[in-house]
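Asks: Could you look at this predicted model? Sequence included:
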Amino acid sequence: MSELPDNPDNPEQSDNPVDGSIAGVSSEGPTIETSSEMEEALREATEALEARETPAAAAGAPSSADKMTIELLSQELQDLKALYEEKIKEFGDQAEQHLRLQAEFDNFRRRGLKEKQESLKFGHQNLVKDLLSAVDNLERALEHASQNAGPEIRGILDGVELVHREVLGALAKHGVKEIDAEGKIFDPADHEAMGQLPNAEVPPNTVLEVLQKGYVIHDRMLRPARVIVSREATVDGAGSGGGVGDNATDS
């Protein structure tokens, strides 16, 4: 586009300076005088911009508040771990105590059952011991009466024999048995030696005579049998035709 020539008759062109500057504006550019309100607004805008840029710049590094939170969570985790280990140990102790109590209860139950069984088997033991003396007296009476019995007391003797058999039968029902001692080898568990007699016909320590019968109840000793046992015959004893017991007296 071609520039229009200057028209001196045009008032708008005549009023402009030659350098093309606008009236009232310096050649260096427009200038504005700053006020305190403007400075405050500018400062607030700058702070807001920095506040928006700071979190983005520091996103890779935790803040002090985040570090404190992590430390608190770590400490709480350690406390929970310690509490868990304590409860596990407590549970183990309680389980062991439960096993001990269970074992003690089983032992107590077995002891109670054993005592009950023994009470059923041996509860009448003392009563039987007291009855043995009466049995001994019945047997002595029968032995004496059988040797000197006359026709007039034969019926009474038969009644006593019947009572004797019934008593022995009742004792047998409750597990009471007589110890078979005569002719057996002396056994200190079953026999009580009251004397010795020399005898060449049987081995030494053989039961020759039963002075008092022995009894057992089931597998428990009530009373050992009192016996006379044999010993090896000596030359003096053989020449005299036999000997007497150690506890016997010469006539």
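Replies: Yep, it's here.
Asks: tell me the average confidence for the helix or strand containing residue 38?
Replies: Here residue 38 sits within helix 36-57, counting by DSSP states H and E. Averaged across helix 36-57, pLDDT comes to 70.
Asks: just checking, next helix/strand downstream of it?
Replies: Using DSSP H and E, the helix or strand that directly follows helix 36-57 along the chain is helix 64-122.
Asks: and the helix or strand just after that next one, which residues are buried?
Replies: Going down the chain from helix 64-122, the next helix or strand is helix 125-148, by DSSP H and E. Across helix 125-148, burial judged by 16 or more other Cβ atoms under 10 Å covers 125, 128, 131-132, 135, 138, 142, 145. In this view, the C-beta of every residue, glycine as well, is placed from N, C-alpha and C.
Asks: cool, stretch 194-202 as well?
Replies: Along stretch 194-202, these residues count as buried under the neighbour rule (16+ other Cβ under 10 Å): 194-199.
Asks: Just send the residues you listed back as JSON lines, with distance to residue 81 and secondary structure too.
Replies: Converted to JSON lines, the buried residues of stretch 194-202 look like this (distance: Cβ to Cβ, whole Å; DSSP: H, G, I helix; E, B strand; the rest coil):
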{"residue": "194", "distance to residue 81": "81", "secondary structure": "strand"}
{"residue": "195", "distance to residue 81": "85", "secondary structure": "strand"}
{"residue": "196", "distance to residue 81": "84", "secondary structure": "strand"}
{"residue": "197", "distance to residue 81": "88", "secondary structure": "strand"}
{"residue": "198", "distance to residue 81": "90", "secondary structure": "strand"}
{"residue": "199", "distance to residue 81": "89", "secondary structure": "coil"}
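Asks: what are the phi and psi values for residue 182?
Replies: Dihedral pair for residue 182: phi -60, psi 130, per degrees, to the nearest 10.
Asks: Name the nearest residue to it, ignoring sequence neighbours.
Replies: Closest residue in space to residue 182, ignoring its immediate chain neighbours: residue 210 at 5.2 Å, by Cβ to Cβ, 6 or more residues apart in numbering.
Asks: quick one: the residue nearest the centre of the chain from residue 89, how far?
Replies: By Cα atoms, centre = their mean, the chain has its centre lying nearest to residue 100, at 1.6 Å. In this view, residue 100 and residue 89 are 17 Å apart by Cβ to Cβ, to the nearest Å.
Asks: what kind of secondary structure is residue 181 in?
Replies: Recorded secondary structure, residue 181: coil (DSSP: H, G, I helix; E, B strand; the rest coil).
Asks: Spit out the contact partners of it.
Replies: By Cβ atoms under 8 Å, 6 or more residues apart in numbering, the contact set of residue 181 is 190-191, 207, 210, 213-214, 225, 227.
Asks: Without its sequence neighbours, what residue ends up closest to it?
Replies: In this structure, residue 181 finds its nearest non-sequential neighbour in residue 225, 4.1 Å apart by Cβ to Cβ, 6+ apart.
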